[in-house]
Every structure is written in C-alpha cells, then in structure tokens.
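**Q** here is a sequence together with a model predicted from it:
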Amino acid sequence: MQAAPTFKPAEAIWRVRLQLFWRGLKGSWAMFTESKIGLTGLGIIIFFALFGALWPAYPWLMERLAWTPEELEAARNVPYGAISSIYQVYDPVTGYDPLIPGIENPTPPSRRHPLGTNQFGRDILAQLMASTGSEFMLGVLAALITVFIGTFIGAITAYYGGFVDTFFMRVADVFILFPLVSFLIVLGSMIELTLIKLAFVLGILYGFGQITVILKSQALAVKVKPYIEAAKVAGGGHFHVIFRHIIPNLLPLSFLYMMFNVTGAIFSEAALSFFGLLPGIKVSWGIMIDSAHSGGYILGGRSFQNWWLWMPPGIAITLLCSAFYLVGRGLDEVVNPRLRKR
Amino acid sequence: MKRIWQTLTSGMSKFIIVRLLQIILVLYLYMTLVFIILEAQPGDITDIYTANPKITPEAKEAIVKQLGLNKPIYERYLNYLRNFVTGHLGCSFKWGNIRDVPDPVCREQRPTWDLIRERLPRTIVLFLTYTIVSFYIGFFLGKLIAWRRGAIIEYFSTVVGVVLFTVFTPWFALLLVWLFAVNLGVVPIGGFINPDSWTNIRQIGSVDCSIGISCSNIVFNHMLLWLGGLTLFWGIVYLWSRRFPYPWQRNTARWGAVALGLVLAGLFFGGGWLGEIDRVVLARDTKFEFFVWHFEFPAGTIPLFPLALDFVQHMVLPILTLTLISFAGTMLLMRNTMLETMREDYVMAAKAKGLPDHVVRDKHAARNALLPVVTSLIFAIAFSVDGGVFTETIFSWPGMGQLLLLSALEQDYPVAIGSLVFTGIFALVAHVIADILYAFLDPRIRYD
Amino acid sequence: MAPLTTYPVLQVENLTMHYTTRKGAVKAVEDVSFSLDKGEALGLVGESGCGKTSVALTLLRLLPENAQFLGGHVYFFRDGSDEAHARRAVGKPVKILLDGQEHQGRLVEVDRSQLVLDARLNGRTQQIKLGRDDIARLGVDLTALSDEEMRPIRWKGISMIFQAAMNSLNPVYKVGDQIIEAMQTHMPIPIPEARERVAQLFQLVGLDRQLMDRYPHEYSGGMKQRAVIAMALACDPDIIIADEPTTALDVIVQDKILREMRQIQKKLNMSMIYISHDIAVIAEVADKVGVMYAGGLVEFGPSEAIFKSPIHPYTKALMSAFPSIKGEKVKLAALPGEPPDLIKPPSGCRFHPRCPYATEICEREVPKFIEHKPKQYAACWNPLM
C-alpha cells in the first residue's frame, strides 16, 4: 500500500458503501422472504440454533422442572453410583440416572428423560442437544473453508487463465469425479479425525471441487465487465482488481453455495461417525443412530418399539441438512435472476 | 452406414478422444493424490502393506518386492502406478485364500485384486439398475409435475423431494429395512444370497463349483452378461430402427427385439437352452424340487432361474432405497428445467404444428429439459457411488462399497486402498460413459 | 353454382381476450374483427405490445394458461366437400357460403349429400337443409372446437412463422426431421417421400437440400428463417401467420426474405397474415392492412387506400415512421407519450391521450368500427377524410 494522501471524503465513501450494502441487503431480504422455501429453512436453522444454545441450561432446567426433591435426595443416596450433581445424570457421554437400574435401560420417554434413555442409560435429549453445537460448528466451519478456497481459486483462475486455469480445473475434476466420502472413510481409518480436522479436510476437499468451477464461470462473467477494464486503466494492480472488484461480485454466489456445503459437511460427519470412523468425536447424531443400530434396537424391534433411540437423531440430521438446503434454494431465487418469478 | 461413419469421424470421435485424454489426466492426478496421502502417513510405508501378524516373513518379503516398497520414493511412486495397471495390489490382511491353488505371493492370504474383481460386478449391477430406475422415475415425475402445474402437487412434490434428497442415507436405509424386512417380511433383511439355497449345488453348466470357486459368482456373472448383452442388443436395434420410413415399422422392430431378447433370456434361465451351460446340477435332493421339470430335466438338475431369483430378491430393497434417495433430486431438477423449456418458442411451435399433447411434452419439452438434468447427474455420480457405500454396508451387499468400509474399519489397508482407487476408477468410467451419452443427446456439444 | 373469384378463408368477429395477472386483467385483445380472403395477404401493424401476437395466438388457440378467452368467433373456411372439415363442424356454430349468400347457424348433421343447419331466419330459429354440392364454403368457428378437434387445423389449416424464428427450431433434432414430423402428424406419408417434399420446400425457399440433415445450430440466422418458412409451408396450409418474420435479421436479408415470401405467397396463391410493428414491412407485402392500437383494431382496409389516405390519426402517426426499414422499436416522432397500460386502458377511444385530434367525446365513448370510405373501416370520432 502506498502512502496515499488522506482525503476527507474517504469517510463519506465508506459510509456510502455501507449504505449501499445495507440497501442491497434489505432488497435481498425482501426477495428472500418472498420464497416460503427459504423462510422454512431459516426457521428450522434458528430452531436448532436455539436448541443447541439451550444445552448448557438443560440439566439445570431439568433439576428444577422434572426432578422432585425426594428423587434428588434418593439419587444422592443410592448404594452404587450415587451422584453428587445433576450434571452427572445428563452428561451425554457418561451420564446415567441412578434411579433407573442399568438393566432397565433403554427406557422410554419419561418425566425426567423427555426422550428416554439409551441402552447405556444416557439421556437422549441431552445427547441430541449436546451434539447440535458441534454439528453446526463443523458444518459452518467446513463450508466457510470451502467457500474461502472456492472464491479465491475461482477468482484467480478466471483472472489469470492459461496454465493456472488448466491446472486448477483438472484438480477440480479430481474432486468432482471421485467419491469423497469413500476417501474420507479410508483416511479416517488411518488418522484420527477430530471435529476441527474433519472440518478442514472436508472444507479443502469440497473447496477445490465444483464450487471452484461455478465461481470461476461467474468470475469470468465479471471479468469482462467494463469497470474491471476501468480499474485496470486507472492503475489497479492484479490484487487490487481481484480483491476489490472480482471477489466482491462473487460473494453472493459463494454465500449461496456455502449453504449447500453445510448440508454436505453435516451429512459426511454423520455418515463417518455412524460407521465409527471418527473415534475423536464422542457424541454426535451419527453415533446415536449407530449405537441404536449396533445394539440391535432398530432391526430387532417390531412396530415402534425403541423408536426414541433412533428416530430423534435421524430426524434431526435430515431436518438440519434440509434446512440449509432450503435456505440455499431460497437464496438461489435471490442470486439467480433467471429463477425469479415472472 | 456412410452417415454413421461420417458422424463418428466428424465431431463425435474427436469429442470422445479429447474426453478420454482429459480423463486419463484426471485419473493420474487422483492416483497421485492417494499416493501422497499414503506417504504422508506416520511410520514406514511397508507397514501399511505388511503389518499383519498372519503374514509370514517370507511372504512379507515377497510383497515388499512385488510392490517395490523398499525403493526410494520416486521409484515407489512409479511402482505404485505400475502396480495398479498390472493389478498387483498387495494381499489382504483379513481375507484368507479360497482358491485351490494359492496365489504365489500371498499364499494363505487372498490377493486384493482377486477381491476387487469378484466384487466390482456386484456393485456395477446395483449401481446401474438404480441409476436407470431412479433417473427414469425422477425424469417422468418431474415432467408430469411441470406439465400439469397445480399448487397442491407442487407443494407436495417439493416437500417429499427435499426430504428424500437430504435424508440421512444410512438411517433411511435402516428405516426401510425395518419396515419391509422386519415388519412386513416381504424381502430378506440383507445379504447377497440365501446360503441355504446354494449348499446343495454341485456344478453349474460344466463348471464344478462345489469347492473353491463360488457357484453364486457364476450365476451372477451369467446374469450380468445377459443384462449387458440385452441392453446392447436393444440399444442397437433402437438406433437401427430409427432409419425405417414408417412409425409402425419402427415400433414393430423395437417391440420385436424386446420380445426376442426376453424369450432368449427366458429360455436360458428357464433351462430350454441348447447344451449344458444352463443346467444346475444338484448334489442331492433339495428344496428346489418344486422347480424340477421332469420332462426335460434329468432328475437332480434345475434351471438357473430360481437361483437368479434369489439374487433379485436380495436386490429389491437396496435398489428401492437407493432409488428413493436419488430420484428426488432428479425430479426437482427436471421440474425446474422443464418449466423453463416449456416457455421456449420451439415448444410453442411444436404445439402449433398440431402435434398431440404428449408428443409436445415428451419429444420437445422433456427432451430438451433432459439435458441439464443429465449434466447434473454426471456430476452427481461420485455422490451416488458414496451413497452405494452406505447402502451396501447396511444391506450387507458384498460389493466394492462394503469392501471399502469393512477393510477401512478393520484396518486392512491394502484392500482399503485398492478398493478406494477402484471405486474412484469406477466413478470415473461411469462419468466418461455418461459424458459420451450426453454428447449423443445434445448435438451442439459434438461440434465445439 | 357460379364459380367464386374470391372467397373468405378466415373471418374474425369481435375477438376479445384478456390475460389475468397479479396486478389485474391485461386487456390484450378487445373486440377485433377482420376477414381474410383466399390468396390475400393481410398485414397487422401496431406498436410492440398492442396485442398483435395475442390475436395470432388466439386464432391458433395457443394461448398461455393465464389467458382468458372472453368472446368472439373465428370462422375458418374450407370447401364444402371437405369431409373431415364438415364432420368437425357438427354441433358447432358455422357460416356457410351458398350462391353468394351467407348463412349462419349451428350445424346439426351432415351426410353424404346434404347438411342440416339450425339457422336464424326471419327472427326465429329454423332448420334448413342444404345440398353438399351447392355449398361453396363451410366455415367452422374455431373457438368452439375442443383441443383435440383443433389439432388437425393447426399447421394443416393455419400454420405460423413465429416471432423468434431462431428459437422455434428445436436444437436437438435435425431441421429436416422437424419438418417431416409436422407432415407425418397430418398426413400418412412415408419418410422417403416426405424427405423429397422437404427437399422441394428447401428449394422453394432457397436452401440447399443437404441442409435438411443438419442441426439448427449449424444454420445462420437467415437460413433458420428460411427453414422456418419451409416448415410453415410443409402441410400446404390454407393460411400462414407470419409473426414478425424478419425482425431478428439484418436489413438486407430481411428485405430479400420478405420479397421471396411475397413471391411464394403469390405463386402458391396462399392466404397470409403478416404481423409486424414495422409499417414498412407491411407496406411491402400486404394487400390489406389492419392497424392495431392498445388491443383494438383502429383501422382496416386495402393497403393502397390506407397508405394513400389513412383515416385514423394513429395510422397517420405510424406512417410518419415509414422510412425506417430497420427492425427496431421506433419511437414514434409524431406521437407524444407512451403506449397505454393495458391493465387500466384509457376510457373511450384508447388513443385519445396521445391523439392530436382528440375531442371531448373521444374521452367519453368508444368509437364504432365503421366503414368510412368504401372498404376502409376505422374506429374514430374524428376521421381524417
């Protein structure tokens, strides 16, 4: 950055930009709210966000709402496995209810366990809530990395073309054409994947893939606009043009694809943990289904016996995945004028 | 004939050649990526291939030598590439030898290549069947929904579509098993065959399969060949009949070919084929008694079809699951693109030409709406292959996906890596085929 | 029976059609009447969005779902001896030309030698029987046909050259096959013969016969236009509607194609309806001209008469843009203001806000469409005589 003389109106420009941005945002929001699809998705996402945020308060609430003083007293005094705090009951990994003999688990929904307990005595609702936060974090982190890489590579390939373009497009082909979850399965058997590592791996694998191709074609459309030429003539360097002109124009589309990537990341995590390939993750919706399945509670039971073990996590994954997908579809109508209702 | 040749030499063959070259490059990049991941593992690379207590020291040496694991990294890289071409993929840690003559390198263990060769056809059958079925259903429903628009059907199809499109695959598969296999009991819970039906078989055709080679593989390969052969035959007849002057001639040729193919297949599997190839010889009296046709069959033999039926029964549920999961995406996309093409001028022109409604819909609107749908399907192939991994595992269908997951879980690294690479190659080949089919569908692409 | 030198192929009466939109009904076609004779070229002219194309689509019954047909008749005439046409007309409103006289009514039944008509004569409905051989022309009301009954009339009776000829060829089929498809829909013709006919048509419109086995994307704009014209001719239709047939082409090609179309029309003695916003195009090809403004026909008559002395001020204004042969939207120099909003059209004469001759009555009452000069009709309170 060269030392440019400071202008007073610079602040005004900044303010104008903010105003423009705000106006654009308001317009987009108005368009977004027109599609019921997008709003439904957003509603589900907000529901899950609240649901996850409520988790730290859950044992505290249960202590006051569901447990009678006598029960609490009894739980503190059982001969084996007496608890000292309510948090021991609702711990998603090690919790158990001292008032329910181990042999009785899994227990159906009851007052103290609104969604019942699993075969190890863990509270299902506690597990469900405790994993919500990490599912969100993983999904959003992976999608952010994806979008970051995709936007950057897309802009660069479109801007420079030539060898850079060919190389990244072939790399993108690799990631598009090959089954990534299979790859993660094998990778998961070799290294221990934690949530953060998984988010990075997913982010990188998807980031170099289809999103690059899509954003590149968008960037190509931006590249031929007159203001890019104007910026170059005005003496803007490569980086100036890429970061100040091309990338800002890619962001709406990036944001749209981010939604679809969140779906993909959550799905992949659930699948891997379902198959027990993520030993670094102790509690997740995938693991909940897996423990119900491997305990024989799904296929072993006729009619809806034991439904509380496997319906909630399955529905939660499906709902959250479809919520982000729906928001993506809603945004699609905002970003792609082609789809707007005529 | 001349016209076909012209088409081939002008745009099409050039297109195919360029695509193949690109694909080879992509494959190479993929193999390199897998190699880098392998090399980036902590510890010695030889451990990954030989870290199994069941392998004797001599065998270990043989494997190291065969795979060239003791060489410097660049030679290892070249060896790695060569091994995939020649099929030397190491020995499984877990799977024991099942052949009469053990593999010279792997001895008591089963070579990875042998496992992959056995399982790939099963995955291909599953994949092809559900891809075609789900594509057709999605295409058909999407087309209809777009053609007669209505608020209720629109809303309903969107909800069902989105739920099926985003549902957690393994969970959904379990749900279906629970419903159809456990509660309704209409299909087997899982697996490939019902072992009880196969224990009494001594030979199939002239091949003795009571020891060593599995009878099921022979029957399965028969089915596969027939499926492939019939598809090819029908495809050729379809293309050839397009040149007939009258519509009724075309229809006669097409339906005739369908009938002929079905009759031939019926004869083969029903036991009316010439020669011995289709006789299943039983070891002793069996529960297949019901199927023994005493007029034609010597006692103790049965036709192939009850065995084939066994496979089909086991395929129903996996295919249903995969179809339900994947048709929704096609349906939603087809509806959207169809709504767009219906606004095109050539659809209006087709109506103005006085074509019947269904011809306008199918031959003009849907035919063009199909193109973007196929494009997106081509890009979803990798995703479907992944879906196959889950489904095969849940249904214990012994294909590539199950092999991949089991070997990964049991840290049977040679098999895991081998099946990973071949799953990738499989996805790639499917991609190339879909790409070429697309070029046939869209004349514009051939001339770029 | 006296041979007719000229007879109608199409009579449109009081056609009215609206589009329903969220903002309200778009009154796209309002009380339009005209007639077309055998071998005649009619030009419909008017600014973009004045309802010309909607008229064409209403004739062929190709309206989108949100269109509401509100009334009027479209009588499509064929020879009285045409069996399929007569059968189709049973139970429908018909017009019959007999010894230079016109009978109107509902066709009750048809047999080999005669047909029975419920006609209104002397103020009451009565059945009349007419010999088939006496009937010169039988016109059936297309608006009364079902979709399935309408199908044989499309392309065989009335074919169309669409506004964007470029896009009216399906990109995935060979051009020849698309023309053969139209033929085979309407007549049982084997492929070799159909191909021969396509080759003849290609020759007629000036295309190489080799081109029939090519795809649309291999054609240039002018070639596509010719192919579309060949397609419109494929079934030897009674009427061809050409909707802005040359708008997308450059001026030279446009001129050439127009002249060729005119030649073909004369040669085959076909009836045509040209639709254009460009009065120059219409002047070049049409025998009769209908001028449309804001969904209604404001003037109708023989083209020489109209071009020599227009009656309606709007026609005159249109003609002030005459020198432009360019296919662009011309801002009418003589006319202030914009074309009216068809959702809330002006009261009275729809043209009055822009009309330099407007008087107080124009705002209040809709002018009648009447014959001001011989054969020259107009809807105007203050006709330019």
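**A** Sure, I can see it. Remember, it's a predicted structure, so these values are computed and weren't measured experimentally.
**Q** what sits against residue A:241?
**A** Residues near residue A:241 by CB atoms under 8 Å, 6 or more residues apart in numbering or on different chains: A:159, A:228, A:231, A:232. Quick note: C-beta positions are derived from backbone N, CA and C, even for glycine.
**Q** sorry, slip of the keys, the one I care about is residue C:272.
**A** Counting by CB under 8 Å, 6+ apart, residue C:272 touches C:40, C:41, C:42, C:239, C:240, C:241, C:242, C:261, C:265, C:285.
**Q** pull out the buried residues from the contacts of residue A:241.
**A** For the contacts of residue A:241, a burial check counting by 16 or more other CB atoms under 10 Å in any protein chain shown picks out A:159, A:228, A:231.
**Q** kindly reformat those as JSON lines containing pLDDT and secondary structure.
**A** JSON lines is the format used below for these (pLDDT from 0 to 100; DSSP: H, G, I helix; E, B strand; the rest coil):
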{"residue": "A:159", "pLDDT": "87", "secondary structure": "helix"}
{"residue": "A:228", "pLDDT": "81", "secondary structure": "helix"}
{"residue": "A:231", "pLDDT": "83", "secondary structure": "helix"}
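**Q** ok, so of those residues, who is nearest chain C?
**A** Chain C has its nearest neighbour among the buried ones among the contacts of residue A:241 in residue A:228, at 29.5 Å by CB to the nearest CB.
**Q** okay if I get the contacts of residue A:241 as a markdown table plus distance to residue A:71?
**A** Output for the contacts of residue A:241, formatted as a markdown table (distance: CB to CB, whole Å):
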| residue | distance to residue A:71 |
| --- | --- |
| A:159 | 67 |
| A:228 | 70 |
| A:231 | 70 |
| A:232 | 74 |
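**Q** can you tell me the helix or strand for the spatially most central residue of chain B?
**A** The residue lying closest to the centre of chain B (CA atoms, centre = their mean) is residue B:124, at 2.0 Å. Taking DSSP states H and E as the definition, residue B:124 sits inside helix B:112-147.
**Q** continuing past that helix, what's the next helix or strand?
**A** Assigned by DSSP H and E, the successor of helix B:112-147 is helix B:151-166.
**Q** who's in contact with that next one?
**A** A:37, A:263, A:267, A:318, A:321-322, A:325-326, A:329, B:141, B:145, B:324-325, B:327-329, B:331-332, B:335.
**Q** what's the spacing between residue B:138 and chain C?
**A** Residue B:138 sits 20 Å away from chain C, going by CB to the nearest CB, to the nearest Å.
**Q** now that residue, nearest residue through space, not along the chain?
**A** Leaving aside its chain neighbours, residue B:138 sits nearest to residue B:330 (2.7 Å; criterion: CB to CB, 6 or more residues apart in numbering or on different chains).
**Q** repeat for residue B:338
**A** That would be residue B:146: by CB to CB, 6+ apart, it lies 3.6 Å from residue B:338.
**Q** repeat for residue C:292
**A** Excluding the flanking residues, the one nearest residue C:292 by CB to CB, 6+ apart is residue C:46, at 3.6 Å.
**Q** tell me if I'm right that that neighbour and residue C:282 touch.
**A** No. If you go by CB atoms under 8 Å, residue C:46 and residue C:282 don't touch, sitting 9.9 Å apart.
**Q** run a quick neighbour tally on the residue of the stretch 101-250 of chain C found nearest chain A.
**A** As assessed by CB to the nearest CB, chain A sits closest to residue C:167 within the stretch 101-250 of chain C, at 16.2 Å. As a burial measure, residue C:167 scores 19 neighbours (other CB atoms under 10 Å in any protein chain shown).
**Q** which residues does it contact?
**A** Neighbouring residues of residue C:167 by CB under 8 Å, 6+ apart: B:344, B:345, B:346.
**Q** phi, psi for it please.
**A** phi -100, psi 0 (degrees, to the nearest 10).
**Q** residue furthest from the geometric center of chain B?
**A** Centroid-distance maximum for chain B: residue B:352 at 42.4 Å, with CA atoms, centre = their mean.
**Q** against residue B:346, how distant is it?
**A** 10 Å (CB to CB, to the nearest Å).
**Q** so which elements touch the helix or strand where residue C:178 lies?
**A** Assigned by DSSP H and E, residue C:178 belongs to helix C:175-186. Contacts defined by 3 or more CB pairs under 8 Å, 6 or more residues apart in numbering or on different chains; DSSP states H and E place helix C:175-186 against helix C:191-205, helix C:221-233.
**Q** indicate which one of the ones you listed is closest to residue A:165.
**A** Nearest of those to residue A:165, taken as CB to CB: helix C:221-233 at 32.1 Å.
**Q** just the CA trace of the closest one, in PDB.
**A** This file holds the C-alpha atoms of helix C:221-233, laid out as PDB (Å, rounded to 0.1, in the frame of the first residue of the first chain):
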ATOM      1  CA  GLY C 221     -29.900 -16.700 -38.900                       C
ATOM      2  CA  GLY C 222     -31.200 -16.200 -42.400                       C
ATOM      3  CA  MET C 223     -31.000 -19.900 -43.100                       C
ATOM      4  CA  LYS C 224     -33.000 -20.700 -40.000                       C
ATOM      5  CA  GLN C 225     -35.600 -18.100 -41.100                       C
ATOM      6  CA  ARG C 226     -35.900 -19.800 -44.500                       C
ATOM      7  CA  ALA C 227     -36.100 -23.200 -42.800                       C
ATOM      8  CA  VAL C 228     -38.900 -22.000 -40.600                       C
ATOM      9  CA  ILE C 229     -40.700 -20.700 -43.700                       C
ATOM     10  CA  ALA C 230     -40.300 -24.100 -45.300                       C
ATOM     11  CA  MET C 231     -41.700 -25.700 -42.200                       C
ATOM     12  CA  ALA C 232     -44.700 -23.400 -42.300                       C
ATOM     13  CA  LEU C 233     -45.300 -24.500 -45.900                       C
END
